[in-house]
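Colleague: whatever this is, show me its structure:
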Amino acid sequence: MRIDAHHHLWDLDRRPQPWMTGPELDPIARTFRFADLVPHLDAHGIDATVLVQSSSSLDETRELLDIAGKSGGRIAGVVGWADLTDPALPEVLASLDGPLAGIRHQVQDEADPRWLARPDVRAGLSAVAEAGLVYDLLVTPLHLPVAVETARALPGLRFVLDHGGKPPVAAGGWEPWAAHITELAALPHVSCKLSGLVTEADWQEWRPRDVLPYARHLLDAFGPDRLLFGSDWPVCTLAAQYTDVFALAEQAASGLGSEERDAVFGGNAAAVYGLG
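Modeller: Below is the predicted model:
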């Protein structure tokens, strides 16, 4: 089974996306439905997906779960949003009906770079673990040190790092991102998505040679048993088409054996998120 472990959907007529500001985002400032993604999945033999939240809205989470429920099982899991600081979070999580696989928060948008270390946030993360869900880490290199601290403090919670921790591809930077990735990957309950790298590069001028060193460091650090392919569609279309993102991931994994490639392109997502 091939799985795209990271994509988004939104209906701007129904719900705004507060992060979608500035003319550079105009190309994706429209509604994207699952039917728009299906031809790309079919073209690359992808059987199922993980649909990921894009706004801090519990209502959006419920909507995504409803979309997944109507997808005939093709959206196999949803990574939604819930308020980690809410004392009633266990009850909130229990009330969500559908293939909820994980929770995510836009940590990268928090003014406090140590937001993940707050006691109320840590309590929320513990509730996510108790619910048997995964926590997706959406962070930049600035937040990677506290992400390492948080993962060390919560060995019972499965973490998935989104977009490789957003390496400074466009600037050609390497450290301290690379060292922090190695630290995080040393924790066996942390996995990583091979996703979102093209939008960290120069959107107009990037070439595979610009991105592949970062992708290969992720593969070296996490290994083929903890790396998950994700397209980050439709955000990826700011810099590349779906087929380009898929081809880039295949190139990064070209040195792997067939079973290892199968793990990166589906098996790991199924295992980490508990997908049927």
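Colleague: make it CA atoms for all contacts and neighbour counts henceforth
Modeller: Noted.
Colleague: elements contacting the top helix by length along the chain?
Modeller: Longest helix in the chain by number of residues, with DSSP state H as the criterion: helix 208-222. Under the contact criterion of 3 or more CA pairs under 8 Å, 6 or more residues apart in numbering; DSSP states H and E, helix 208-222 touches helix 177-185, strand 190-194, helix 242-252.
Colleague: mind listing what's buried in it?
Modeller: 208, 210-212, 214-219, 221-222 (16 or more other CA atoms under 10 Å).
Colleague: again with stretch 99-118
Modeller: In stretch 99-118, counting by 16+ other CA under 10 Å, buried: 99-105, 107-108, 113-117.
Colleague: I'd like the list of those residues that fall within strands, please.
Modeller: Cross-referencing the buried residues of stretch 99-118 against strands under DSSP state E gives 100-105.
Colleague: need the helices for the protein, in chain order.
Modeller: According to DSSP H, the helices that the chain contains are 34-43, 58-69, 89-95, 119-130, 144-153, 177-185, 208-222, 242-252, 258-262, 268-273.
Colleague: picking up where we left off before, from the buried residues of stretch 99-118, which has minimum pLDDT?
Modeller: The member of the buried residues of stretch 99-118 with the lowest pLDDT is residue 108, and it reads 91.
Colleague: what sits closest to that residue if chain neighbours are left out?
Modeller: Here the nearest residue to residue 108 in space, its sequence neighbours aside, is residue 139; by CA to CA, 6 or more residues apart in numbering that works out to 4.8 Å.
Colleague: ok, the one you found - contacts?
Modeller: Taking CA atoms under 8 Å, 6 or more residues apart in numbering, we find residue 139 in contact with 106-108, 161-162, 165-166.
Colleague: just name the closest of the residues you listed to residue 123, please.
Modeller: residue 107 (15.7 Å; CA to CA).
Colleague: right, and that closest one touches residue 135 too?
Modeller: No: shown here, residue 107 and residue 135 do not form a contact pair, counting by CA atoms under 8 Å, at 11.8 Å.
Colleague: backbone dihedrals for residue 166, both of them.
Modeller: Phi and psi for residue 166, reported as degrees, to the nearest 10, are phi 50, psi 70.
Colleague: is it true that it touches residue 142?
Modeller: No: counting by CA under 8 Å, residue 166 does not reach residue 142; the two are 9.8 Å apart.
Colleague: between these two, who's got more neighbours?
Modeller: Per other CA atoms under 10 Å, whichever of residue 166 and residue 142 has more neighbours is residue 166, with 23 against 16.
Colleague: ok, the residue positioned nearest the centre of the chain to residue 231 distance?
Modeller: When CA atoms, centre = their mean is applied to the chain, the residue found nearest the centroid is residue 162 (3.8 Å). Residue 162 sits at a distance of 11 Å from residue 231 (criterion: CA to CA, to the nearest Å).
Colleague: which residues do the two both contact?
Modeller: Counting by CA under 8 Å, 6+ apart, the shared contacts of residue 162 and residue 231 are 195-196.
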